[in-house]
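Chemist: Return a 3D structure for these sequence lines:
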Amino acid sequence: MTLTKRKNAFIELGKFLSQFHLDNSQPKNDVLHNDNFFSKMLDLIQQSKSHNGWYTEEQVIFALQSWAEALTPENLDNWLRNYTLDNIEPKTVGLVLAGNIPLVGFHDFLSVLITGHKALIKTSGNDQHLLPFLSKYLIATEPEFKDFIFFTEGKLENFDAVIATGSNNTARYFEYYFQNKPSIIRKNRNSAAILTGNETKEDLIGLGEDIFRYFGLGCRNVSKLFVPKGYDFKDFFEAMYEYKDVIHYEKYANNYDYNKAVFLMSNFKLLDNEFLTIKEDSGYASPISSVFYEFYEDLNTLKQKLEDDHEQLQCVVSNNLTPDSIPFGQTQKPGLLDYADNVDTIAFLSKI
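Modeler: Below you'll find the model as predicted:
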């Protein structure tokens with residue numbers, strides 16, 4: 001199968017995904033296979049919450065729209081132009097996927113197939129339906145993909161390389177189990193934001209998107225704030241009020257109540273607005289419904305700390321205070337070149 005065929009299939013998938021919106025999903029006449037797939041996709045979106053309580057209609061559609069925006073001819077060409085993908089001998093690449101947010105493993109899936117390899121996929125128990133469905137659409141669009149996409153419920157066998165995502169604990173198992181295969185092993189990561197006190201209200205509302213999208217379950221969600229000594233959180237909490245409705249979602253509310261109670265029983269000092277707690281803490285991984293914060297006195301010292309901690313960090317959000325910092329409100333809109341853990345997946349797949 002040629003690279004052009006592979007790209008065109010994903011472009012058609014992007015067009016298909018672009019039809020689904022929170023308020024009004026309507027089939028478009030120029031989209032392939034709507035007769036077989038459009039209503040089934042609507043049903044799957046509605047059913048996703050029953051498969052995983054965190055996969056609300058809003059969150060699933062946000063993920064679908066993000067991929068619809070990514071899978072354009074221009075984006076795919078810009079992504080792949082600096083790689084040589086000719087004459088790649090197809091290998092079987094095992095994918096062990098996470099399930100913390102909808103379609104979290106789609107970039108790895110796309111990378112394996114776009115480079116001409118075969119994908120042997122073990123989905124997370126938390127996300128077992130979306131990717132298999134999109135795979136069926138790809139195969140309907142480009143039947144040759146039938147020989148390149150395989151799902152397994154058991155352990156991975158008969159593969160040449162692997163990309164596995166899990167916790168720090170499971171990563172140790174992966175490193176042992178896959179030690180004789182070319183691999184990318186992904187561990188826990190978190191994201192942080194640097195505030196100076198000069199942020200606009202729009203900046204801080206954008207930061208709320210970085211905190212609350214997917215209920216804070218993604219590695220690109222901001223879970224830690226670095227604020228200058230003496231920082232007044234008044235403007236921060238006013239901006240967060242835009243997201244107050246999150247507390248009406250039962251699973252989030254249960255986490256808020258539980259984590260707040262644990263903090264209070266431990267006599268931790270908290271700042272609280274009735275749907276988000278913030279706690280002074282040197283860690284990066286805050287629990288759902290909470291964000292940690294830490295004071296800094298010198299920006300250069302903080303930059304060095306973040307450089308030293310780079311293996312724990314997925315994103316740093318700020319107004320251009322660090323190299324590669326992400327603007328407020330943009331962490332959940334990664335481009336195709338925004339590789340998880342900053343590991344170039346295409347370069348890896350080009351050499352196996």
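Chemist: Would you agree residue 121 is in contact with residue 149?
Modeler: Yes: Residue 121 lies in contact with residue 149 (Cβ atoms under 8 Å); the separation is 7.4 Å. Glycine gets a C-beta too; all of them are placed from N, C-alpha and C.
Chemist: Identify the bridge partners of residue 279.
Modeler: Taking DSSP bridges, one obtains residue 270, residue 292 as the residues bridged to residue 279.
Chemist: Tally up the residues packed near it, please.
Modeler: By the measure other Cβ atoms under 10 Å, the count of residues near residue 279 is 20.
Chemist: Could you do residue 136 as well?
Modeler: Residue 136 is flanked by 17 other residues according to other Cβ under 10 Å.
Chemist: Find the nearest non-adjacent residue to it, please.
Modeler: residue 37 (7.6 Å; Cβ to Cβ, 6 or more residues apart in numbering).
Chemist: Helix, strand, or coil at the one you found?
Modeler: Put simply, residue 37 is helix when judged by DSSP: H, G, I helix; E, B strand; the rest coil.
Chemist: what do you get for residue 82?
Modeler: coil.
Chemist: likewise residue 193?
Modeler: Three-state assignment for residue 193 (three-state DSSP): strand.
Chemist: wait, it sits on residue 222?
Modeler: Yes: counting by Cβ under 8 Å, residue 222 is a contact partner of residue 193 at 4.8 Å.
Chemist: which neighbours do these two share?
Modeler: Residues touching both residue 193 and residue 222 by Cβ atoms under 8 Å, 6 or more residues apart in numbering: 207, 210, 317.
Chemist: List the buried residues for the lowest-mean-pLDDT helix or strand in the chain?
Modeler: Sorting the helices and strands of the chain by mean pLDDT, DSSP states H and E puts helix 168-177 at the bottom, at a mean of 91. In terms of neighbour count (16 or more other Cβ atoms under 10 Å), helix 168-177 has its buried residues at 170, 171, 174, 177.
Chemist: Please apply the same query to stretch 251-260.
Modeler: Result for stretch 251-260 [16+ other Cβ under 10 Å]: buried residues 252, 255, 256, 259, 260.
Chemist: again with stretch 315-324
Modeler: For stretch 315-324, the neighbour count (16+ other Cβ under 10 Å) marks 315, 316, 317, 318, 321, 322 as buried.
Chemist: if you skip the residues just before and after it, what's nearest to the fifth one?
Modeler: Spelled out, it's residue 321. Per Cβ to Cβ, 6+ apart, closest to residue 321 is residue 194, 5.1 Å.
Chemist: how much space between the most centrally placed residue in the chain and residue 125?
Modeler: Geometric centre of the chain, nearest residue: residue 104, 4.8 Å, by Cα atoms, centre = their mean. Taking Cβ to Cβ, to the nearest Å as the criterion, residue 104 is separated from residue 125 by 13 Å.
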